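J.: My questions are about this predicted structure, shown below with the sequence.
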Number of protein chains: 6
Amino acid sequence: MPFITVQIAKGHSVEKKRQLVKALTETLIETLGAKPEWITIHIDEFERENWSVGGQLHIDKHSGRHKEKGI
Amino acid sequence: MPFITVQIAKGHSVEKKRQLVKALTETLIETLGAKPEWITIHIDEFERENWSVGGQLHIDKHSGRHKEKGI
Amino acid sequence: MPFITVQIAKGHSVEKKRQLVKALTETLIETLGAKPEWITIHIDEFERENWSVGGQLHIDKHSGRHKEKGI
Amino acid sequence: MPFITVQIAKGHSVEKKRQLVKALTETLIETLGAKPEWITIHIDEFERENWSVGGQLHIDKHSGRHKEKGI
Amino acid sequence: MPFITVQIAKGHSVEKKRQLVKALTETLIETLGAKPEWITIHIDEFERENWSVGGQLHIDKHSGRHKEKGI
Amino acid sequence: MPFITVQIAKGHSVEKKRQLVKALTETLIETLGAKPEWITIHIDEFERENWSVGGQLHIDKHSGRHKEKGI
């Protein structure tokens, strides 16, 4: 039954997504005791021009901590 | 006022979407007595590499019931 | 796979919800050819003080079309 | 902490989005007293063939109030 | 058409919500040129035990910047 | 930046939620290399009368696999 939505910036490879859903599913099994087949995950990718923190679009961030790790 | 979000895999034709929103709207009118102009529907399509059930990306499913009907 | 979210105001009976998810599921089966066991529906109820159209909270609407049908 | 999702039709320029997130962030600071760095905004764009009001896809609306202002 | 979801912690008064939706609606009118009656806002309140930043539930934060402004 | 929404049935203890967000955050750090302070998680709990699989409300399921593990 758990339904997970992961909002991340576009640009991750299929292999990275593969690892992500596998790891998240295992985490939910271990933590909640959920059965694997009941765990659905939706990776909801956003463009950097569609995400803002502190009133600034992601594509406009040129320095500072926002840039440190481009997730 | 009802706001409906339908998350389905990419690849349905416009004609299919046309039928879908028409049918869902009628269902909401009949069931809830909602007025048509208050019913908003958002079709939120996902790529198969962004959806996982049981820890496996949709694009990696080659057999089994997950494949039976590609919705 | 279809995942449906229905946002409606609080106050519908369990029987009404029962009819709603049954009817919506049938609509999705007929329209998309989806298999029943793959259709998940989430009824996401909101309080009228948490919904606004035209800049006015639902609880503040005393007349007009917004009031006509309290869905 | 406030997390804002803005669902609008595709087609707004980056400059328009820039103004939008700046203005929304300022509104949240003024109204809730939120700190800017805690305000995240997601612009979730939809295709007009994926949005319906009154059982009709947006791309099928040729007249009437729905057409007046194409937001 | 714009549909706005505002996720904030529980505990704001109705008067505060009234100001919030009014101000947000005006911001959208000014920025996007949207017509008021097409702007829907959903305030989606969360319990502090259901929100986490940095792996820590909100209710467990006793100090630091997370506590500074309890939005 | 990753924003995670976890939809689960009501009824988990605070301690269980504490473990859940900690484990999910660590999974995201390991898998995506995300910085902890950028990872926000929202636990979105639903009532069993508001969730349906296969056209049947959760509260109406008395047997079968849906009942096996009440997550």
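T.: Thanks, I have it. Remember, predicted model here, so these are calculated numbers, not experimental data.
J.: list the contacts for A:Ile59?
T.: Shown in contact with A:Ile59 (CB atoms under 8 Å, 6 or more residues apart in numbering or on different chains): A:48-49, D:14. Placement of C-beta: from N, CA and C, glycine included.
J.: are any of these buried, and which?
T.: Buried residues within those, counting neighbours by 16 or more other CB atoms under 10 Å in any protein chain shown: A:48-49.
J.: Between the contacts of A:Ile59, which sits nearest chain B?
T.: Of all these, chain B sits closest to A:Arg48, with 17.1 Å by CB to the nearest CB.
J.: ranges for the strands of chain A?
T.: Assigned by DSSP state E, chain A shows strands spanning A:3-9, A:40-46, A:51-53, A:56-57.
J.: Kindly list the longest helix within chain A.
T.: If you go by DSSP state H, chain A has its longest helix at helix A:14-32.
J.: List the buried residues in it.
T.: Within helix A:14-32, the residues that count as buried by 16+ other CB under 10 Å are A:17-25, A:27-29, A:31-32.
J.: With distance to D:Glu37 as extra columns, can I get the residues you listed in JSON lines?
T.: JSON lines is the format used below for those (distance: CB to CB, whole Å):
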{"residue": "A:Lys17", "distance to D:Glu37": "29"}
{"residue": "A:Arg18", "distance to D:Glu37": "33"}
{"residue": "A:Gln19", "distance to D:Glu37": "30"}
{"residue": "A:Leu20", "distance to D:Glu37": "26"}
{"residue": "A:Val21", "distance to D:Glu37": "30"}
{"residue": "A:Lys22", "distance to D:Glu37": "33"}
{"residue": "A:Ala23", "distance to D:Glu37": "29"}
{"residue": "A:Leu24", "distance to D:Glu37": "27"}
{"residue": "A:Thr25", "distance to D:Glu37": "32"}
{"residue": "A:Thr27", "distance to D:Glu37": "28"}
{"residue": "A:Leu28", "distance to D:Glu37": "30"}
{"residue": "A:Ile29", "distance to D:Glu37": "35"}
{"residue": "A:Thr31", "distance to D:Glu37": "29"}
{"residue": "A:Leu32", "distance to D:Glu37": "32"}
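J.: Any chance of a markdown table for those residues, columns distance to chain D?
T.: Conversion of the buried residues of helix A:14-32 to a markdown table gives the following (distance: CB to the nearest CB, whole Å):
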| residue | distance to chain D |
| --- | --- |
| A:Lys17 | 19 |
| A:Arg18 | 24 |
| A:Gln19 | 24 |
| A:Leu20 | 19 |
| A:Val21 | 21 |
| A:Lys22 | 26 |
| A:Ala23 | 24 |
| A:Leu24 | 20 |
| A:Thr25 | 24 |
| A:Thr27 | 22 |
| A:Leu28 | 22 |
| A:Ile29 | 27 |
| A:Thr31 | 23 |
| A:Leu32 | 23 |
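J.: out of those residues, which touch chain B?
T.: Filtering these for proximity to chain B by CB under 8 Å from any CB of the partner chain leaves A:17-18, A:21-22, A:24-25.
J.: which of those lies closest to chain E?
T.: A:Leu24 (14.2 Å).
J.: I figured the closest one hits A:Val6, correct?
T.: Yes - A:Leu24 is in contact with A:Val6 according to CB atoms under 8 Å; the separation is 7.3 Å.
J.: Need the residues touching each of the two.
T.: Contact criterion CB under 8 Å, 6+ apart; residues shared by A:Leu24 and A:Val6: A:Ile41.
J.: re the thing from before, out of the buried residues of helix A:14-32, the closest to D:Asp44 would be?
T.: A:Lys17 (19.6 Å; CB to CB).
J.: does that closest one really touch B:Leu57, like I thought?
T.: Yes - with contacts counted by CB under 8 Å, A:Lys17 reaches B:Leu57, the gap being 6.3 Å.
J.: residues from chain A in reach of chain C?
T.: Proximity of chain A to chain C (CB under 8 Å from any CB) is limited to residues A:3, A:40, A:42.
J.: ok, stretch A:43-58 near chain D or not?
T.: Yes - using CB under 8 Å from any CB, stretch A:43-58 reaches chain D at A:46, A:49-57.
J.: ok, now which ones touch the closest residue in space to A:Ile8 that isn't next to it in sequence?
T.: Excluding the flanking residues, the one nearest A:Ile8 by CB to CB, 6 or more residues apart in numbering or on different chains is F:Pro2, at 5.1 Å. Contact analysis of F:Pro2 by CB under 8 Å, 6+ apart lists A:6-8, A:71, F:28, F:32, F:34, F:38-40.
J.: where does chain A have its least confident helix or strand?
T.: Every helix and strand of chain A was ranked by mean pLDDT, DSSP states H and E. The lowest is helix A:65-68, at a mean of 45.
J.: Near chain B, which residues of chain A? Just list them.
T.: By the rule CB under 8 Å from any CB, the part of chain A lying against chain B is A:14, A:17-18, A:21-22, A:24-26, A:36-37, A:39-45.
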